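A.B. asks: Fold the stuff below for me.
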Amino acid sequence: MTIPAIAANGLRKSYGDKVVLDGIDLTVAAGTVFSLLGPNGAGKTTAVKILSTLVTADAGELWVGGHDPAANPQAVRAAIGVTGQFSAVDGLITGEENMWLMADLNHLSRRDGRRTAAELLERFDLTDAAKKPASTYSGGMKRRLDIAMTLVGDPRIIFLDEPTTGLDPRSRHNMWGIIRELVSDGVTVFLTTQYLDEADELADRIAVLDDGKIAAEGTAEELKRLVPGGHVRLRFTDPAAYRAAVAALREVTPDEESLSLQIPSGGSQRELRAILDRLHAAAIEADELTVHTPDLDDVFFALTGGTGIPDQPKETAR
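C.D. replies: Residues are numbered from 1 along each chain as shown. Predicted coordinates:
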């Protein structure tokens, strides 16, 4: 049986009367991306601080990289890397010097430190900027340098606490590529994010944290199936065709003003074919067909005490 990279059971943490983590359980398989979602104040950052030995849990059992952080924090620290919400880059020195500093902190020899720094700067496309002050770097460059610094010690588990906050869309997508590359090398990534598309794109498994408790956990597809509301929407320009479709189809919700019909559906090919077959048999042609299946936005709203599933869900044109 493969030992998980991270295993937590019954983790609890309070600050005074405020319960931040209320007995959460987590299991993260090695070489995967595990994403922890939740609104501000849900306890995501506290969970990362406990897992990375920065804060001690009040109760619960925890293993990170095969070690108990309470009994052997140094062994855990040797196995992990942490990139927080805010850059750890020192803007007063160059990117290269930031890397050398991390090499010294990881007790690498001068020769090994210089070699490792050069390799990582090249890997993260920072060689041309290596001798420039880090204060001149763009947000995306600073985040790349941040992760490069984290990798100096060759950690097998990396905690990324909202790593793309404040980045433009291109820099976010570049960061996603870096995360995928890390995982392909066998690194385990524990990702906290408020960007639901980011978790959907990257995570092998996702846990939704709300008010200090795990509200749900699973793959993105498993979580989406928890939320009802999938449907097919047909729109017509011909009122006669619209009325004929109302008569021909079952369980429709008509909208006479927009000449559209909404039909409950999970979006499967079989269900779509059945709808189209009924239209074809009645010699009816819709002008537009769109499909909506619940996404992580819907899951997030449903599980974290928000306003519920949006009234105007996103649709994909077909």
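A.B. asks: What segments of the stretch 101-250 of the chain are helices?
C.D. replies: Along the stretch 101-250 of the chain, counting by DSSP state H, counting those that start in this stretch, helices occupy 110-123, 139-150, 169-184, 196-202, 220-224, 239-248.
A.B. asks: Flag every buried residue along the shortest one.
C.D. replies: The reference is to helix 220-224. 220, 223, 224 (16 or more other CB atoms under 10 Å). (C-beta placed from N, C-alpha, C; glycine too.)
A.B. asks: Could you do the second one as well?
C.D. replies: For helix 139-150, the buried set under the neighbour-count rule, 16+ other CB under 10 Å, comprises 140, 141, 142, 143, 144, 145, 146, 147, 148, 149, 150.
A.B. asks: Can you show me the CA trace of it as PDB?
C.D. replies: What follows is helix 139-150, C-alpha atoms only, in PDB (Å, rounded to 0.1, in the frame of the first residue of the first chain):
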ATOM      1  CA  GLY A 139       4.200  39.800 -10.800                       C
ATOM      2  CA  GLY A 140       4.400  36.600 -12.800                       C
ATOM      3  CA  MET A 141       8.200  36.600 -12.800                       C
ATOM      4  CA  LYS A 142       8.200  37.100  -9.000                       C
ATOM      5  CA  ARG A 143       5.900  34.100  -8.500                       C
ATOM      6  CA  ARG A 144       8.100  32.000 -10.800                       C
ATOM      7  CA  LEU A 145      11.200  33.100  -8.800                       C
ATOM      8  CA  ASP A 146       9.300  32.300  -5.600                       C
ATOM      9  CA  ILE A 147       8.700  28.700  -6.700                       C
ATOM     10  CA  ALA A 148      12.200  28.300  -8.100                       C
ATOM     11  CA  MET A 149      13.500  29.400  -4.600                       C
ATOM     12  CA  THR A 150      11.200  26.800  -3.000                       C
END
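A.B. asks: That helix versus helix 110-123: what angle between them?
C.D. replies: 150 degrees (axes from the mean of the first three to the mean of the last three CA atoms, to 10 degrees).
A.B. asks: what's the neighbour count on residue 107?
C.D. replies: Residue 107 has 9 neighbours, counted by other CB atoms under 10 Å.
A.B. asks: do the one 10 residues further on as well
C.D. replies: The criterion is other CB under 10 Å. On that basis, residue 117 has 24 neighbouring residues.
A.B. asks: Could you report the neighbour count for residue 272?
C.D. replies: For residue 272, using other CB under 10 Å, the count is 17.
A.B. asks: Hmm, residue 286 and it touching each other?
C.D. replies: No: in this structure residue 272 lies outside contact range of residue 286 using CB atoms under 8 Å: 11.8 Å.
A.B. asks: quick revisit: so which of the buried residues of helix 139-150 comes closest to residue 3?
C.D. replies: residue 150 (22.6 Å; CB to CB).
A.B. asks: I'd say the closest one and residue 80 touch.
C.D. replies: No: the criterion here is CB under 8 Å, and residue 150 misses it with residue 80 at 9.1 Å.
A.B. asks: Overlap in contacts, these two.
C.D. replies: residue 158 (CB atoms under 8 Å, 6 or more residues apart in numbering).
A.B. asks: pLDDT weak spots in the stretch 1-150 of the chain?
C.D. replies: Across the stretch 1-150 of the chain, the ranges flagged by pLDDT under 70 are 1, 85-87.
A.B. asks: would you list every one of the strands in it?
C.D. replies: For the stretch 1-150 of the chain, applying DSSP state E, counting those that start in this stretch gives strands covering 6-15, 18-28, 33-37, 59-64, 80-83.
A.B. asks: center of this structure - which residue?
C.D. replies: residue 199 (2.2 Å; CA atoms, centre = their mean).
A.B. asks: ok, it to residue 55 distance?
C.D. replies: To residue 55, residue 199 is 23 Å away according to CB to CB, to the nearest Å.
A.B. asks: again, but for residue 281
C.D. replies: For residue 281, the distance to residue 55 - CB to CB - is 64 Å.
A.B. asks: Between the two, which has more neighbouring residues?
C.D. replies: Neighbours were counted for residue 281 and for residue 55 using other CB under 10 Å; residue 55 has more, 17 against 9.
A.B. asks: Assess the claim that residue 172 and residue 198 are in contact.
C.D. replies: Yes: here residue 172 reaches residue 198: they are 7.3 Å apart, a contact under CB under 8 Å.
A.B. asks: All set now, cheers.
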